[in-house]
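Visitor: sequence first, then the predicted structure:
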Amino acid sequence: MNILAQLPVIPIILPLVTAPLAMLMPSEKMGGRAPFVFATFVVWAVFAACAGLLHSVATTGPISYHLGDWAPPIGIEYRIDLANALVLTLVSGIAALVFPFSYESIRSEIDRRQISYFYAALLICMTGLLGVTITGDAFNVFVFLEISSLSTYALVAMGADKDRRALTASFNYLVMGTIGATFFVIGLGLLYQATGTLNMADLKIQLAGDKNRMVEAGFAFIVVGMGLKAAMFPMHLWMPNAYAYAPSAVSAFIAATSTKVAVYVIIRFIYTVIGADFSFAPAAFAWLIAPLAIAGMFFASGVAIFQDDVKRMLAYSSVGQIGYMLFGVSFGTEPGLAASLVHLFNHGLMKGALFMAAACVMLRVGSHNCSAYAGLARRMPFTAGAFIVSGLSLIGVPLTVGFISKWQLLAAAFDSGRAWAGFLIVASSFLAVIYVGRVIELMVLKPAPADAPEIKEAPLSMLVPMLILVAANVYFGLHTELTVDLSERAAHALMGAGR
Amino acid sequence: MSIEHLILRVVIKVMFAPILLFALYVQFHGDYGPGGGFQAGVIFAVAFILHALIMGLDETKRVLPIGALKALMVVGFLFYAGTGAATMLLGANLLGYDAIDPQSTHHAGQHYGILLVEFGVGMAVASTMVMIFYHFAGREPEIRDEDW
């Protein structure tokens, strides 16, 4: 076997084959360490493969892998270019940190008998997300989307051991997610009807110059379906509860990856399948995506201010941040697209770190309510520090990745002659100052309640991955070569494919 | 001594083997016509579900304990995914079944490959169906107060 030639498929097949093995490992003997260690090594191997793919794509150009040696457009093709290599690296990188992070947190939050199932489901969830990203076949996107969604429903429901509301949150997510997936597959059906092909590159060729209602309807179904999965305002209602009641490590993983993957799919379909020059694309940008993105930026951030639960607050903030990404897409320009890809990557880093900090608080204080954060800066200094740095990153303070995202987005807004858009971006950032500042104030200025028991800092196995992610927030805020350059090249390639 | 539901018990005992045989027929017929692993797996599971309905869950669990079902689910899935992965070890791409029998002039490898995959699907589906039934049938009748 030639490892290098098979590299594109390793991120998919390796976790898929090893997940059932993790399920067979004992949950209760040795405290469930066997499935945990096994899954963690698998994820690290997957991350290495994804990083290798990113390197190879950045130096030598897109890779195409033919499943079963059937040539596209008939066979299924895995097609990796810069845009999806970046998302693959984000998803597998977050997973490589969340897996080692999860052990202590999970042991205290789910039924101990479910630990092996938990790691199997988390591996399958990651497989699905990577599969959605890597594939060049439109129907394959749907299949992998279902793989990741079904395992996410199970993972969210595992939070029921701590809080029974996880069950209704998961069921709600299941209903909404299924509607989203159905809309998506209806859209695919319409495009297939119009063209007779499912390969993305071939769809693009077949659709060229095709202006009919069926394609427009297909496009609408796909955007709505994926919008639901991406928690695009106003289709975000499943998300706050799912994130709040899921086990903390699961929240950290899905908040940092799954909505980003859905946004990536929207970008992929708009730019490489339909094409931004399609007759109705500008109308969709101006009348659908931009208004909803702005509404999300303001409304969801506004709601976040009034949340008592920190995880719910972070979830609403995610809806607002998705708004920024879609806003960048809606400019329809290359810098706009690049800014939205940068923000997609950066937001994964900050939300991952914030949810990890929330997981540490959950482990030690036992709650994700705002009141649990009072006086935390003295009680758990590292966790509070991580929360503060990644919170500042969320606001967009210089020296952090958040600043780079906002800067790129502002530059793109002015570049496309939308000065008002720049104003809106800055104005909505002030809302982030309020909701993040509220928690920081609680942690730093408020004393802990007098009757609060002594607590230890989170264990090293959780601190180290969290601090690595926080360091990444700062590192990519100072060294923008990797993210910004790659995103610009990726946006160029995506737009180029659209012409 | 009277046995409850005597007729049903006799009928299920008579039907049990033919149902399994029919499942195997659907399984292997899947290569040439309608049928295949998924349908066969469901039919296979039906035999055990009928057995559990008539003889009681505990009797069926003696034949097919939950641990064995779990192992069967995993082994079935590994046949399913592993066949594709094995072709990678043989030097082809994932799912490149021709590598199983490279000398063949009429793609016999494709045939063997799909046979193994369908076998895995059948095994995984049958055991999952029985597992789902076990969990529905065997769940606690009432939710305890402390579970709320």
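Guide: Right, received. Where do you want to start?
Visitor: so which residue of the stretch 51-200 of chain A comes closest to chain B?
Guide: Among the residues of the stretch 51-200 of chain A, A:Gly68 lies closest to chain B, at 3.6 Å counting by C-beta to the nearest C-beta. C-betas here are computed from N, CA, C, even on glycine.
Visitor: got the contact list for that residue?
Guide: A:Gly75, A:Ile76, B:Gly84, B:Asn93, B:Leu94, B:Leu95, B:Gly96, B:Tyr97 (C-beta atoms under 8 Å, 6 or more residues apart in numbering or on different chains).
Visitor: so which of the residues you listed are in helices?
Guide: B:Gly84 (DSSP state H).
Visitor: narrow the contacts of A:Gly68 to those that are buried.
Guide: Those of the contacts of A:Gly68 that meet the buried threshold are A:Ile76, B:Gly84, B:Asn93, B:Leu94, B:Leu95, B:Gly96, B:Tyr97, by 16 or more other C-beta atoms under 10 Å in any protein chain shown.
Visitor: how near is the second one to chain A?
Guide: When C-beta to the nearest C-beta, to the nearest Å is applied, the distance between B:Gly84 and chain A equals 7 Å.
Visitor: would you confirm that that residue contacts A:Ile13?
Guide: Yes - in this structure, B:Gly84 is within contact of A:Ile13 by C-beta atoms under 8 Å, at 7.2 Å.
Visitor: looking at the buried ones among the contacts of A:Gly68, which is nearest B:Val117?
Guide: B:Gly84 (7.5 Å; C-beta to C-beta).
Visitor: excluding chain neighbours, what is closest to the closest one?
Guide: Leaving aside its sequence neighbours, B:Gly84 sits nearest to B:Leu95 (C-beta to C-beta, 6 or more residues apart in numbering or on different chains; 4.4 Å).
Visitor: now do A:Ala286
Guide: Using C-beta to C-beta, 6+ apart, the nearest residue to A:Ala286 is A:Ser330, at 7.4 Å.
Visitor: what do you get for A:Ala96?
Guide: Of all residues apart from its sequence neighbours, A:Phe47 sits closest to A:Ala96 (C-beta to C-beta, 6+ apart), at 4.0 Å.
Visitor: so which residues of chain B form helices?
Guide: Counting by DSSP H, the helices of chain B are B:6-29, B:37-55, B:57-63, B:66-89, B:108-137.
Visitor: now these as JSON lines including distance to A:Asn84?
Guide: Formatted as JSON lines, the helices of chain B follow (distance: least, C-beta to C-beta, whole Å):
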{"stretch": "helix B:6-29", "distance to A:Asn84": "38"}
{"stretch": "helix B:37-55", "distance to A:Asn84": "31"}
{"stretch": "helix B:57-63", "distance to A:Asn84": "46"}
{"stretch": "helix B:66-89", "distance to A:Asn84": "21"}
{"stretch": "helix B:108-137", "distance to A:Asn84": "27"}
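Visitor: in a markdown table: the ones you listed, plus mean pLDDT.
Guide: Below are the helices of chain B laid out as a markdown table (pLDDT from 0 to 100):
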| stretch | mean pLDDT |
| --- | --- |
| helix B:6-29 | 92 |
| helix B:37-55 | 92 |
| helix B:57-63 | 89 |
| helix B:66-89 | 90 |
| helix B:108-137 | 90 |
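Visitor: how about stretch A:382-401 as CSV, C-alpha atoms only?
Guide: Only the C-alpha atoms of stretch A:382-401 are listed here, as CSV (Å, rounded to 0.1, in the frame of the first residue of the first chain):
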residue,chain,number,x,y,z
PHE,A,382,-5.7,29.3,34.4
THR,A,383,-9.3,28.5,33.4
ALA,A,384,-10.3,32.1,33.9
GLY,A,385,-7.3,33.3,32.0
ALA,A,386,-8.1,31.0,29.1
PHE,A,387,-11.7,32.3,29.1
ILE,A,388,-10.6,35.9,29.2
VAL,A,389,-8.1,35.6,26.3
SER,A,390,-10.4,33.6,24.1
GLY,A,391,-13.3,36.0,25.0
LEU,A,392,-11.2,38.9,24.0
SER,A,393,-10.5,37.1,20.8
LEU,A,394,-14.3,36.7,20.3
ILE,A,395,-14.7,40.4,20.6
GLY,A,396,-11.9,41.1,18.2
VAL,A,397,-9.2,42.7,20.3
PRO,A,398,-5.8,43.2,18.5
LEU,A,399,-3.1,40.4,19.0
THR,A,400,-5.8,37.7,18.8
VAL,A,401,-7.3,35.8,15.9
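Visitor: show me what from chain B comes close to chain A.
Guide: B:70-71, B:73-74, B:77-78, B:81-82, B:84-85, B:88-98, B:147-148 (C-beta under 8 Å from any C-beta of the partner chain).
Visitor: ok, 10 Å please
Guide: B:67, B:70-71, B:73-78, B:80-82, B:84-85, B:87-99, B:110, B:113, B:124, B:143, B:147-148 (C-beta under 10 Å from any C-beta of the partner chain).
Visitor: which residues of chain A lie near chain B?
Guide: Going by C-beta under 10 Å from any C-beta, the residues of chain A near chain B are A:1-3, A:5-6, A:8-10, A:12-14, A:16-24, A:65-70, A:75-76, A:78, A:116, A:120, A:160-161, A:164.
Visitor: in strands only, show me these.
Guide: Members of the residues of chain A next to chain B lying in strands (criterion: DSSP state E): A:Tyr65, A:His66, A:Tyr78.
Visitor: against A:Ala255, how distant is the closest residue to A:Lys162 other than its chain neighbours?
Guide: Excluding the flanking residues, the one nearest A:Lys162 by C-beta to C-beta, 6+ apart is A:Glu109, at 5.3 Å. A:Glu109 sits 16 Å away from A:Ala255, taking C-beta to C-beta, to the nearest Å as the criterion.
Visitor: neighbour-wise, which of the two wins?
Guide: A:Ala255 (30 against 24; other C-beta atoms under 10 Å in any protein chain shown).
Visitor: and that one, what's its pLDDT?
Guide: With respect to pLDDT, A:Ala255 has a value of 92.
Visitor: any idea how far chain B is from the nearest residue to it once chain neighbours are set aside?
Guide: Leaving aside its chain neighbours, A:Ala255 sits nearest to A:Lys351 (4.7 Å; criterion: C-beta to C-beta, 6+ apart). Distance, A:Lys351 to chain B, by C-beta to the nearest C-beta: 31 Å.
Visitor: just checking, A:Lys351 touches A:Lys311?
Guide: No - A:Lys351 lies out of contact with A:Lys311 (C-beta atoms under 10 Å); the separation is 11.0 Å.
Visitor: my guess is A:Ile115 meets A:Ser105, correct?
Guide: No - counting by C-beta under 10 Å, A:Ser105 is not a contact partner of A:Ile115; they are 11.6 Å apart.
Visitor: may I have the phi/psi pair for the closest residue to chain A within chain B?
Guide: Closest to chain A within chain B is B:Leu95: 3.6 Å, counting by C-beta to the nearest C-beta. B:Leu95 adopts backbone torsions of phi 70, psi 10, taken as degrees, to the nearest 10.
Visitor: count the neighbours of A:Ser371 for me.
Guide: Neighbours of A:Ser371 (other C-beta under 10 Å): 12.
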